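J.: sequence and computational prediction follow.
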There are 2 protein chains.
Amino acid sequence: MKEHQALDMLHALSQETRLRIVRHLVRRGEEGATAGEIGKEVNAASSRASFHLSALEHAGAVTSQRRSRNIIYRANVAKLGNMMSFLLDNCCDNHPDIRKCCLGAEACC
Amino acid sequence: MKEHQALDMLHALSQETRLRIVRHLVRRGEEGATAGEIGKEVNAASSRASFHLSALEHAGAVTSQRRSRNIIYRANVAKLGNMMSFLLDNCCDNHPDIRKCCLGAEACC
DNA sequence: TTCATAATTCAATATCTCTTGAAATGTTGA
DNA sequence: TCAACATTTCAAGAGATATTGAATTATGAA
């Protein structure tokens, strides 16, 4: 993952509504969620949800697929993993104390 | 770590100059770096470096300590680890594929 | 004290971001 | 085709952010 991709992803996740959307979608797993459901979940008007979903998709954090009238959004776990990996390796230089934080809650600094 | 703290940290890291500052400081370790050195390293005028260092410090990503004429900045690895942990646990719901990305380059999706 | 150095603060500007509600688009079922 | 629904796009305004250079503050050395 290139720096600018990681920056786009970080920027996408650094907004309350968008972070909550991603959290919801990761929890939904393969099933995903429709734009409407997501909007209700994060308390956003449809245009606002759409705006943020579009930003997340553009950054690569989520994918979309039309199913009949609805559009199903899913978390892009591969890209999310790439971003975590970028942060750990490139930005944090594989610092052992930071890496430890990813091994489990009890191991974290 | 609370959501709003993680958001502040993510926002701080989602900017090219600031991400590069953090990367440089993690690599410098305990020795840290002065504001002037950092500015040169990331190709930023002193006012710009100061502006971004202040943002990073406010978000908790770096610490500062005056030493004579210089101010030494260091990465706050504990807080960086907390942010990684927040992302993994809270935002990514401990998804196994994402967690795998933190175990090492070869293990990543 | 006076000077030079390191860093921050300030002011101005340009740009980007978020939010809202209204309008437009695409899709299905009657 | 038409009506209803799901979603996106658009326009406008408020607010935040990044950049620059000049001015200011803090510190140490002569």
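T.: Yes, it's here.
J.: report whether the strand or helix carrying A:Met9 contacts DNA strand C.
T.: Assigned by DSSP states H and E, A:Met9 belongs to helix A:3-13. Yes. Judged by CB under 7 Å from any atom of the strand, helix A:3-13 comes into contact with DNA strand C through A:His11. To be clear about C-beta, it is placed using only N, CA and C from the backbone, and glycine gets the same treatment.
J.: tell me what angle the next helix or strand after that helix forms with helix B:3-13.
T.: The helix or strand immediately downstream of helix A:3-13 is helix A:16-28, counting by DSSP H and E. Angular relation of helix A:16-28 and helix B:3-13 on a 0 to 180 degree scale: 110 degrees, by axes from the mean of the first three to the mean of the last three CA atoms, to 10 degrees.
J.: any idea of the mean pLDDT in the next helix or strand after helix A:16-28?
T.: Next helix or strand after helix A:16-28 toward the C-terminus (DSSP H and E): strand A:33-34. For strand A:33-34, the mean pLDDT works out to 98.
J.: show me the contacts for A:Ile21.
T.: Residues in contact with A:Ile21 (CB atoms under 8 Å, 6 or more residues apart in numbering or on different chains) are A:38, A:41-42, A:49, A:52-53, A:56, A:62, A:73.
J.: centre of the chain to the helix holding A:Met9, how far?
T.: 10 Å (CA atoms, centre = their mean, to the nearest Å).
J.: can you pull the phi/psi pair for the residue of chain A at minimum distance from DNA strand D?
T.: Nearest residue of chain A to DNA strand D: A:Gly36, at 2.4 Å (CB to the nearest atom of the strand). Dihedral pair for A:Gly36: phi -60, psi -50, per degrees, to the nearest 10.
J.: keep only those of the contacts of A:Ile21 that are in strands.
T.: Mapping these onto strands (DSSP state E) picks out A:62, A:73.
J.: got a quick ChimeraX command for the buried subset of the contacts of A:Ile21?
T.: Per 16 or more other CB atoms under 10 Å in any protein chain shown, the buried members of these correspond to this ChimeraX selection:
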select /A:38,41,42,49,52,53,56,62,73
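J.: intersect the contacts of A:Ile21 with the contacts of DNA strand D.
T.: A:49, A:53.
J.: hmm, the worst-scoring helix or strand of chain A on mean pLDDT in reach of chain B?
T.: Within chain A, no helix or strand scores below helix A:96-100, which has a mean of 92 by mean pLDDT, DSSP states H and E. Yes. Judged by CB under 8 Å from any CB of the partner chain, helix A:96-100 and chain B are in contact via A:97-100.
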